[in-house]
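Colleague: I'll drop the sequence and a predicted model, then ask my questions.
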Amino acid sequence: MLTGCATIVSSETQDVTLQTQPPGVKFVIQDESGRAVAEGYTPKTVTLAKSNGNYFGKKKYRVMLERAGYIPQTLPLKESPNLWYLLGNIPLLGFPGWLGVDPFYGGMYKIEPARLQIIMDPVGARGA
């Protein structure tokens, strides 16, 4: 009864899919400390942690994309509280889940976008 709703329903990790046009773009995903947590070539689905284990410790990520002949791009992934955290704890009067359990686990967060679709711009291309 003392467990948080988001912790019960969601997981501490989330899959994020990276798709680019053209495919075969090299990517590196760094966390808030600058550590590479995933790398490879698109298209690819990676599994990312949603919490750093600290109280309200949501992760922060940035995706760096590069391919010869294309302009490199760096994009943030954003985390926000999910509906299970915001509304799911109401039947238990909220406090055990909102303040005691869910803030330590990533289940309360969602990483957005869950599907990153990027069109790479060729070097020297002019906008319309």
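Modeller: Ah, there it is. Residues are numbered from 1 along each chain as shown.

Colleague: CA only for contacts and neighbour counts going forward, please
Modeller: Will do.

Colleague: continuing past the helix or strand of the chain with the lowest mean pLDDT, what's the next helix or strand?
Modeller: Ranked by mean pLDDT, DSSP states H and E, the weakest helix or strand in the chain is helix 5-9, scoring a mean of 46. Sequence-wise, the next helix or strand downstream of helix 5-9 (DSSP states H and E) is strand 13-21.

Colleague: same for that following strand, what does it pack against?
Modeller: Applying 3 or more CA pairs under 8 Å, 6 or more residues apart in numbering; DSSP states H and E, one finds that strand 13-21 contacts strand 44-49, strand 109-112, strand 115-119.

Colleague: in its sheet, what does the second one sit against?
Modeller: So the one you mean is strand 109-112. Here strand 109-112 is paired, per DSSP bridges, with strand 73-81 (antiparallel).

Colleague: just the first one next, same as before
Modeller: Strand 44-49 has these partner strands in its sheet, going by DSSP bridges: strand 13-21 (antiparallel).

Colleague: quick one: the strand it pairs with to strand 115-119, angle?
Modeller: On the basis of axes from the mean of the first three to the mean of the last three CA atoms, to 10 degrees, strand 13-21 is oriented at 20 degrees to strand 115-119.

Colleague: And the contacts of strand 13-21?
Modeller: Contacts with strand 13-21, where a contact means CA atoms under 8 Å, 6 or more residues apart in numbering, come from 42-50, 106-107, 110-111, 113-120.
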